[in-house]
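Visitor: coords please:
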Amino acid sequence: MCFKLIIAIFLTIFLASAALGGDLYLLRIDNKESLKIAEETIDHAYGTLDNRFIVELNARQLGILQRAGIEIELIKSKWTPDQTYLINRMHPEMAAKMPAVRALYASEKGTLAELSAADVDNLRKEYFLVVPIADKKTPLFYTPVIIPSYYRDVFPNDSLANRINQDSIYANNLRLEQFRTRYIYTDSCYAARDWIISKFHSYGYTDVYYDSFDYYGRICNNVICRKPGVADPDNTIVVGGHYDSINQDSDPNYYAPGADDNGSGVAAVLELARVLKDIPLKKSVMFIAFSAEEVGLVGSYVAASNLYYSGTKVEFMLNFDMIGFTADAQPDVTYFYGFSSAYAQILGQAALRVTDLQPFYGGHAGNSDHASFDQFGFFTAYVQEGDFNTAGWHHDADVTARMDFPYMAKELKMSVAALGQIDLAASPTAIDNVFDAGDGQGLLVAWDSNCKPEYTYKVMYGIQTGIYTDTIDVPPATCSYDLSGLTLGQKYYLTVLGVNPEGHGPVYTMEASATPYEIPQAPDNFEADPDMGRIHLIWRANKELDLNHYCLYRRIQGGSWGVLQDNLSDTAFSDTTALPHISFEYVVCAVDNDGNYSDSSDISGATMASFDGGVLFVEETSSGGMDPTNEQQEAYYDSILGGEVYTKYYVDSSGEALSRSIAGQYGSIIWIDDDVSTHLFLNGQDSIRWYLG
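Guide: Residues are numbered from 1 along each chain as shown. All right, here's what the predicted structure looks like:
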């Protein structure tokens, strides 16, 4: 009975603090090795901000990532998930100065803040996009340095621009306005959904459907139309725009015309679907009309998540949102994008070829449906009118009578020409590895995992990022190349350009970097981890081609180093000779064929798990003031333990955790915590799970 009571008390305290999460961080992943470590350590992120992932970490996870050299910034200790939001300006011309909020982090790309319900309402009234992050589940991904690069100046698909029909665009845009409202809480929104489906059917498409999702009890629908590719059907281009509307002048349940925002975007999606219906494209195209954009990019997040977790290969997402208004005679058009401008530049080049549009690259924007696809690592570009429809946006005045359809037709001529170019483009080639030859002048570049036998390849390199002064044609059917004659200690930037049989290169290339050395580099990501009767040691493999073996050294903490194991060919070793209750420290060195030793790795320490050290008493209680003093508490603990010998361990700050090295020395653990809200036990829960296992 007493044991059950203790469990009930613990669960009551634990559940009372459930609204508080762990510590919130921003995490940067800038190479494949860091991605692998992060994926093994963290389940998911809560979105991205400033090209970093918003993640929750306990102390053990933090330690693993820090030892791996991964960049981490603490944003908030004990964050409140259901009150944390990502804030973006809907448009610079419309959003007022940010009201006073509890900002956790702020930059030009967004603000992370803790908000009340009233804060959320006020921000949305002031034209800010406010998105809760607690329910977001963003995967971790790594994007190498992207260099926009299209190899061939021949554009046979530019003729598709001649198929764009201004009358068709106008008719569809006007029909969407005539629903009077497409606010997600109205039957008119469902009617608009059905009309969009019927339009796709009228063009001859058969793979048309809608998927449903719940938004606080309201069932919403994305409308999806698929056009399969004929040569590369697994590669998908997404073309989308949201069909829901909102109005701040009138009750949106009765009137929210949304002609420009975003009847124009849906009309663009429909027109491109009409034009491309009978055109045999190599790659598949998915046309999507998103719902629930106006309440926080909800529909596009659902769509992007479904595509990612179903394993769909999305090459690129093209978003249209407010593309039908001009304020002057200058036909300018704006492109926003995520982590790379590569596809936006394809659009801009097409604009100059087939129209008189004047491209403007607006950089990052988190205020429309493309941003949901950014969160999953997909390439995006967002087309928006150059003169923002200030008077119409979210107002009664957002009607087709104020729109410029000749201008809008030009944007679609540009877009279809760009899509035709993207369809012909070769697949980008990722470099798998760059190995150091170990002679101070050579590097081996390898791209085996995505090497295509029908492609021809060029290796390009230089000593500045994005500037390649040397180009080498690779022999046919070759998926690697040895570069020689390089300079010792000079960092080189490299990329591989694959050209398909039709002579087209990729939209972009991916850059890697490496430096030729004579002496091996120190092994990194070295970690010692205790287990029963042993200490596991693991490190990342070196990339020198002349590597011969590794050498492990050990010492009792603070003592002298001795060789633990020499001639190791693997990157893992279990020390079964470690003694219990003694802290050992380790380093590892790499040795090449000439007997050159690298510098040692960082030191990593651990204590073998023996589970034979009696009782560990973990004390996480307050003392002094209204609470008992430490002396009074210790006297009480001694009395209830009945003379049992125990070791006391204090946990006082949020950064502390119970490590495996400490927990593994004891047969029993008693953890006392009297705090209602802050439970440092959670920092060590990985170690506790391991201990109990």
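Visitor: could you pull out the helices for the stretch 1-150 of the chain?
Guide: Assigned by DSSP state H, counting those that start in this stretch, the helices in the stretch 1-150 of the chain fall at 2-16, 32-41, 59-67, 117-125.
Visitor: Could you do the chain as well?
Guide: Listed in chain order, the helices of the chain (DSSP state H) span residues 2-16, 32-41, 59-67, 117-125, 166-177, 187-202, 264-276, 298-309, 342-354, 370-374, 405-424, 630-640, 660-663, 685-692.
Visitor: And the pLDDT at residue 94?
Guide: Looking at residue 94, its pLDDT is 58.
Visitor: one step back: by mean pLDDT, show me the worst of the helices of the chain.
Guide: Lowest mean pLDDT within the helices of the chain: helix 2-16, a mean of 39.
Visitor: burial of residue 566, as a residue count?
Guide: Neighbour count of residue 566, defined by other Cβ atoms under 10 Å: 12. In short, each C-beta sits where N, CA and C put it, glycine included.
Visitor: Which residues are in contact with it?
Guide: Residues in contact with residue 566, defined by Cβ atoms under 8 Å, 6 or more residues apart in numbering, are 549, 551, 552.
Visitor: any idea how far residue 510 is from residue 112?
Guide: If you measure residue 112 against residue 510 using Cβ to Cβ, to the nearest Å, the figure is 29 Å.
Visitor: Which of these two has more residues huddled nearby?
Guide: Each of residue 112 and residue 510 has its neighbours counted (other Cβ under 10 Å); residue 112 has more, 25 against 19.
Visitor: Isn't that one up against residue 75?
Guide: Yes - at 6.5 Å, residue 112 counts as touching residue 75 under the criterion of Cβ atoms under 8 Å.
Visitor: can you pull up the bridge partners for the closest residue to residue 343 other than its chain neighbours?
Guide: Closest residue to residue 343 apart from its sequence neighbours, by Cβ to Cβ, 6 or more residues apart in numbering: residue 381 at 4.5 Å. Bridge pairing for residue 381 (DSSP bridges) gives the partners residue 318, residue 337.
Visitor: how far away is residue 381 from residue 660?
Guide: With the distance defined as Cβ to Cβ, residue 381 ends up 47 Å from residue 660.
Visitor: out of those two, which sits in the more crowded spot?
Guide: Using other Cβ under 10 Å, the more surrounded residue of residue 381 and residue 660 is residue 381, with 25 against 22.
Visitor: Go ahead and confirm the more buried one touches residue 339.
Guide: No - the criterion here is Cβ under 8 Å, and residue 381 misses it with residue 339 at 11.7 Å.
Visitor: how about residue 75, what does it touch?
Guide: Contacts for residue 75 (Cβ under 8 Å, 6+ apart) come out as 24, 25, 26, 54, 104, 105, 112.
Visitor: And residue 173, by the same measure?
Guide: By Cβ under 8 Å, 6+ apart, the contact set of residue 173 is 259, 263, 264, 267, 324, 400, 403, 405, 408.
Visitor: Outline the domain layout of the chain.
Guide: Domains of the chain are assigned by automatic domain parsing as 22-132, 169-424, 442-450+457-514, 527-607, 615-692.
Visitor: so which of those domains is the most packed in?
Guide: With neighbours defined as mean count of other Cβ atoms under 10 Å, those peak in mean count at domain 169-424, which reaches a mean of 21.
Visitor: From the chain's centre, how far out is it? Work that out for me.
Guide: Put simply, domain 169-424 sits 22 Å off its chain's centre (Cα atoms, centre = their mean, to the nearest Å).
Visitor: ditto for stretch 38-45
Guide: 11 Å.
Visitor: Do me a favour and get the end-to-end distance for it?
Guide: End-to-end distance of stretch 38-45 (Cα to Cα, to the nearest Å): 10 Å.
Visitor: for stretch 442-459, same thing?
Guide: Distance across stretch 442-459, first residue to last, is 14 Å (Cα to Cα).
Visitor: Setting the sequence-adjacent residues aside, check what's closest to residue 64.
Guide: The shortest distance from residue 64 to any non-neighbouring residue, by Cβ to Cβ, 6+ apart, is to residue 41 (5.1 Å).
Visitor: Let's have the helices of the chain in JSON lines, adding distance to residue 480.
Guide: Below are the helices of the chain laid out as JSON lines (distance: least, Cβ to Cβ, whole Å):
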{"stretch": "helix 2-16", "distance to residue 480": "54"}
{"stretch": "helix 32-41", "distance to residue 480": "17"}
{"stretch": "helix 59-67", "distance to residue 480": "32"}
{"stretch": "helix 117-125", "distance to residue 480": "53"}
{"stretch": "helix 166-177", "distance to residue 480": "49"}
{"stretch": "helix 187-202", "distance to residue 480": "46"}
{"stretch": "helix 264-276", "distance to residue 480": "38"}
{"stretch": "helix 298-309", "distance to residue 480": "30"}
{"stretch": "helix 342-354", "distance to residue 480": "25"}
{"stretch": "helix 370-374", "distance to residue 480": "33"}
{"stretch": "helix 405-424", "distance to residue 480": "27"}
{"stretch": "helix 630-640", "distance to residue 480": "64"}
{"stretch": "helix 660-663", "distance to residue 480": "41"}
{"stretch": "helix 685-692", "distance to residue 480": "40"}
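Visitor: So which of those helices is nearest residue 142?
Guide: Set against residue 142 and scored by Cβ to Cβ, these come closest in helix 32-41, at 4.0 Å.
Visitor: Are there helices or strands packed against the closest one, and which ones?
Guide: With contacts taken as 3 or more Cβ pairs under 8 Å, 6 or more residues apart in numbering; DSSP states H and E, helix 32-41 sits against helix 59-67.
Visitor: I would like the residues contacting the helix it packs on, please.
Guide: 23, 25, 27, 37-38, 41-42, 57, 72, 525-527, 602, 604, 655-657, 659, 683-684, 686-687.
Visitor: Where strands are concerned, which of those count?
Guide: 23, 25, 27, 57, 72, 527, 604 (DSSP state E).
Visitor: And the spatially closest residue to the first one that is not a sequence neighbour, how close does it get to residue 57?
Guide: When the adjacent residues along the chain are set aside, residue 23 lies closest to residue 77, with 5.0 Å between them (Cβ to Cβ, 6+ apart). The gap separating residue 77 from residue 57 is 11 Å, by Cβ to Cβ.
Visitor: which residues do those two both contact?
Guide: Common neighbours of residue 77 and residue 57 (Cβ under 8 Å, 6+ apart) are residue 23.
Visitor: Do you know the pLDDT at residue 291?
Guide: Looking at residue 291, its pLDDT reads 98.
Visitor: thought it was touching residue 301?
Guide: No - using Cβ under 8 Å, residue 291 is not in contact with residue 301; the gap is 11.3 Å.
Visitor: so who does residue 489 touch?
Guide: Counting by Cβ under 8 Å, 6+ apart, residue 489 makes contact with 440, 515, 516, 517.
Visitor: Next, it: phi, psi?
Guide: As for residue 489, its main-chain torsions (degrees, to the nearest 10) stand at phi 80, psi 0.
Visitor: hang on, the earlier thing: including pLDDT and distance to residue 375, could the contacts of residue 75 go into TSV?
Guide: TSV is the format used below for these (pLDDT from 0 to 100; distance: Cβ to Cβ, whole Å):
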residue	pLDDT	distance to residue 375
24	94	17
25	96	17
26	96	14
54	96	10
104	93	18
105	93	17
112	94	14
